[in-house]
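> Show me how the following folds:
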Amino acid sequence: MLIELFQIARNLTGQGIETGLVHEDFGMPGLTSLPTLKAVLNEDGEIFRLMPVTKDEVPGLWTLKSGKKRYFPAVRLQLVPPLPIQAELLAKKSMDIQEVRDLLELAKRTSARNFESDITNSDTNSRSRIRNWQHNEDAETLVYIQGFAKAFDKFCESPQIAALNLLMGVERTLHSPCDEKMLVTLASLLAGTRIQLCFDFKPANDFAFTIYSSRVSRVVLECLVTEKVDPAEKKKIANAMTSMCALTGLNAEPLNTPFPEWSAPPIINKPLPPFAKFSEAACNFRYQRAGSEAFSIGLETARVLVAALKVITDKPQGHNWRALRNGKFDKQRERQDVLIVYPTLRTEELPLVNLFAKEEQAQDDGTKQFQDQARPVIEALSRIVSVDQVPDYIIILLIRQISSGQIQLAYSANPGRVEFVKAVDAWSGSADNLPPNLRVPLIMRAKVDQTSKKSVTLKQANKTVRWVKPKLLFPEEISRLLSHQWIRSGAETSTVEAPAVGQILDLFLRKPGVWQDIAASLLEVTLTRASVLLTHAGHVLHRDDPITLVNWSAFSLKSKAWPDYALSQTLSLIGSLLYAMNSNVKNYVEESAYQVGRLLAMMDELHKCYCIAVRDGDVPNSLIGNGLLGRAADSPAQALAELSERSRIYMGWAKSVDVTDFGEKAKKKNIAIYSARKVLRLAAPLCEQLHATGSLDTEMSTVQKAHLFLGYLAPILGQEDGREIPSEAATDTADATTTTN
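Reported below is the predicted structural model:
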């Protein structure tokens, strides 16, 4: 990852972008599962308020490291000994203020309670460093920082005094309004549960001051970088100046300490160095080299690399970085990586990174689709005129935390600007590689939930079903989609490992020499994991009424895995993968595999029409086309031979039946008869075409199986657009536009 960061750092410098400062002892406090509060000190070292740390405050938190696991002003502590109270009390998820006050009185009466933390009994701590700092440009801020250090000295003059000050702080806090979560945290603190405090400071003459401002952070960093070094250390550094930096090739002061740290909340919360050779990793004991010993780099170069990384990820997500789900799960929770998409040319803040992942919303409607994101990017990048000797490419990095102490570069690519535009344009074009009339009925769950605030009922769902065209997927959606294996007739899923994110990104970026092979591999994975869903979804839709969709709604709502949206995404992915393999919709709809799928769908429709007209709507659980779908993929000729035998009775009925009763009661039967006749007219030439084809004797390839499913799921009598069923006087021409599947 150092080489890639070096590229970014050089380009930032070339563009005149200020990267700021970093230091190996400056970072963010490790966000932990422990309860966290902000403790505000006055100049006398007294806590006059304890407050929760809000999400908006988290990016501004900072800490100084002083020895192993010692941080300031973020302190992990507990009051000892613990209070003699029942465990059930602390297990409560809500408390009232009187219960907390009772605990406070008990804590006051408990003798010899201590404030137990490394910061109180550490001989070498950050406060001693702060006292020696000098800063000529912003002396006022430094005075406040040093005043805070003095106030903290008073607060923790001894473990007993610190404990007493903490109890007094809790008492003052209880005089202000506290929500239930805050009361529970205060109770945990009083009882002796380990928590984290982030200390702040309010000087007497400036109540707007906070040590977690960007101004204070800058002063702290500048003081750290220019800290005075004792003469012995200076001599040691001077002797080491002959070391060569492996990245710059210049003699420089070597990095003899761990790398400066970096974090990207909320994906990577714990500050970690971009190059660690984690000393606790077993593989590094083999070489007896860990940390900075494993790679010779200049101290200033190391700081510049981390500063370049920070200048990108310190901005809000959606600029040049964002979270990217990778389809891997840890205790049922999907992991996330940090995706950086950095253009080496001026792009006026084009959100290139948002081409890789969809905005986080529960509903498809209202969010920007891929084409909406891609259009301005393609137009802007296409207008740029390349200049000789100027970098003209996109740096794409995927950073992953692989252990509690180490991150690694999981993926990197450097596509040129022109190649990147072509890749994005090609992915946008793959949206049209599905049959034009292919639609999927989606249940608008979010809409129902927001209006009724109740669970979705079948009656409500039927009113919120819309036939929609499958939407083009973002690369992240592919990882999430393929991390599930559909089982039990498409009603449930089991979690499986998704394909590597790097493969998906190589496909999206059309990496030369590999992207078509990746498309073939992903198509096979897609059909393997989703064939059960595709088969059963076709079964339900072909049995159902295309207007009421009672069976489809019941099937979709019964499952917790949202099979309707999964079906739409799967079909979209199949279309994109076929496009990457040069299988265009204009060609594959004329091929035999697609036509076999259409014929099976026609026989399902004919079977259903027969049951509606002859059996008074008693449609069986298995239609003849769906029952032969799997066999058609293995042996198309045998499947069609069996289909011909089993469909004789239904075809004979459709040829001979006549409409004689136009009463209201016979409306549904007459519509079924019209539909059956239409199916016969469509199926006859199709059967002749397939009979003349000589490619039905072998097992279908993966691409042909995809064509088979698309042909089976595409409507055969018209497009699902919400139009009403024709009346009893409708002609065969009107039947052709009937909303049916």
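> neighbouring contacts of stretch 156-171?
Residues outside stretch 156-171 that contact it (CB atoms under 8 Å, 6 or more residues apart in numbering) are 39, 45-50, 79, 100, 104, 107-108, 112-116, 119-121, 155, 186, 189-190. Yep, even glycine has a C-beta here, placed from its N, CA and C like the rest.
> And the pLDDT at the most centrally placed residue in the chain?
The centroid of the chain falls nearest to R325 when counting by CA atoms, centre = their mean (3.4 Å). On pLDDT, R325 comes in at 89.
> Pull the contacting residues for it.
By CB under 8 Å, 6+ apart, the residues touching R325 are 334-337, 357, 476, 479-480.
> Dump these into CSV; add secondary structure, neighbour count and distance to S126 as well.
Listed next are these as CSV, based on DSSP: H, G, I helix; E, B strand; the rest coil; neighbours: other CB atoms under 10 Å; distance: CB to CB, whole Å:
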residue, secondary structure, neighbour count, distance to S126
E334, strand, 15, 37
R335, strand, 14, 33
Q336, strand, 19, 32
D337, strand, 24, 32
A357, coil, 21, 38
E476, helix, 23, 40
S479, helix, 24, 42
R480, helix, 18, 43
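> Could you identify the most distant pair in those residues?
Greatest spatial distance among these (CB to CB): R335 and A357, at 14.0 Å.
> so where's the stretch 51-200 of the chain uncertain?
Within the stretch 51-200 of the chain, the stretches with pLDDT under 70 are 67-69, 118-125.
> Strands along that one, start to end?
Assigned by DSSP state E, counting those that start in this stretch, the stretch 51-200 of the chain shows strands spanning 63-65, 71-72, 74-80, 114-116, 195-201.
> Contact partners for the closest residue to P636 other than its chain neighbours?
Closest residue to P636 apart from its sequence neighbours, by CB to CB, 6 or more residues apart in numbering: L696 at 4.1 Å. Applying CB under 8 Å, 6+ apart to L696 gives the contacts 592, 596, 636-637, 640, 690.
> The residues you listed into CSV, with extra columns for secondary structure and neighbour count?
CSV is the format used below for the contacts of L696 (DSSP: H, G, I helix; E, B strand; the rest coil; neighbours: other CB atoms under 10 Å):
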residue, secondary structure, neighbour count
S592, helix, 20
V596, helix, 30
P636, helix, 25
A637, helix, 16
L640, helix, 20
L690, helix, 18
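> I'd guessed K669 sits against I612; true?
Yes - at 6.3 Å, K669 and I612 qualify as touching, with contact defined as CB atoms under 8 Å.
> hang on, the earlier thing: how far away from the center of its chain is whichever strand or helix holds the residue nearest to the centre of the chain?
Using DSSP states H and E, R325 sits in strand 321-330. Counting by CA atoms, centre = their mean, to the nearest Å, strand 321-330 is centred 5 Å from the centre of its parent chain.
> List the buried residues in it.
Neighbour-count burial for strand 321-330 flags 321-328 (criterion: 16 or more other CB atoms under 10 Å).
> Output it as PDB, nothing but the C-alphas.
Extracted as PDB, the C-alpha positions of strand 321-330 are listed here (Å, rounded to 0.1, in the frame of the first residue of the first chain):
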ATOM      1  CA  TRP A 321     -14.000   7.500  -0.400                       C
ATOM      2  CA  ARG A 322     -16.800   5.500   1.100                       C
ATOM      3  CA  ALA A 323     -17.700   2.200   2.800                       C
ATOM      4  CA  LEU A 324     -18.000  -0.800   0.500                       C
ATOM      5  CA  ARG A 325     -19.600  -4.000   1.700                       C
ATOM      6  CA  ASN A 326     -17.500  -7.000   0.700                       C
ATOM      7  CA  GLY A 327     -20.000  -9.900   1.000                       C
ATOM      8  CA  LYS A 328     -18.200 -11.500   3.900                       C
ATOM      9  CA  PHE A 329     -19.800 -12.000   7.200                       C
ATOM     10  CA  ASP A 330     -18.600 -12.000  10.800                       C
END
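> List the strands paired with it, with their directions.
Paired with strand 321-330 in the same sheet, following DSSP bridges, are strand 333-343 (antiparallel).
> Packing partners of the very next helix or strand once past the partner strand?
Helices and strands here follow DSSP H and E; after strand 333-343, the next one along the chain is helix 370-383. If you count contacts as 3 or more CB pairs under 8 Å, 6 or more residues apart in numbering; DSSP states H and E, helix 370-383 packs onto helix 417-429.
> from the contacts of stretch 156-171, which would you call buried?
Buried members of these, scored by 16+ other CB under 10 Å, are 39, 45, 47, 49-50, 79, 100, 104, 107, 113-116, 119-120, 155, 186, 189-190.
> Just the ones in helices from the residues you listed, please.
The members of those that map onto helices under DSSP state H are 100, 104, 107, 155, 186, 189-190.
> which one among those residues gets closest to Y674?
Distance to Y674 across these (CB to CB) is lowest for L186, with 73.2 Å.
> how about stretch 643-657: buried residues?
Buried positions in stretch 643-657, judged by neighbour count with 16+ other CB under 10 Å: 643, 647, 650-651, 653-654, 657.
> mind checking the end-to-end distance for it?
End-to-end span of stretch 643-657 (CA to CA, to the nearest Å): 21 Å.
> same check, this time on stretch 54-64
Using CA to CA, the end-to-end distance of stretch 54-64 comes to 21 Å.
> Tell me which residues are up against that stretch.
Contacts for stretch 54-64 (CB under 8 Å, 6+ apart): 25-29, 31, 38, 53, 71-74, 126, 129, 198, 212-214, 217, 220, 224, 265-266, 314.
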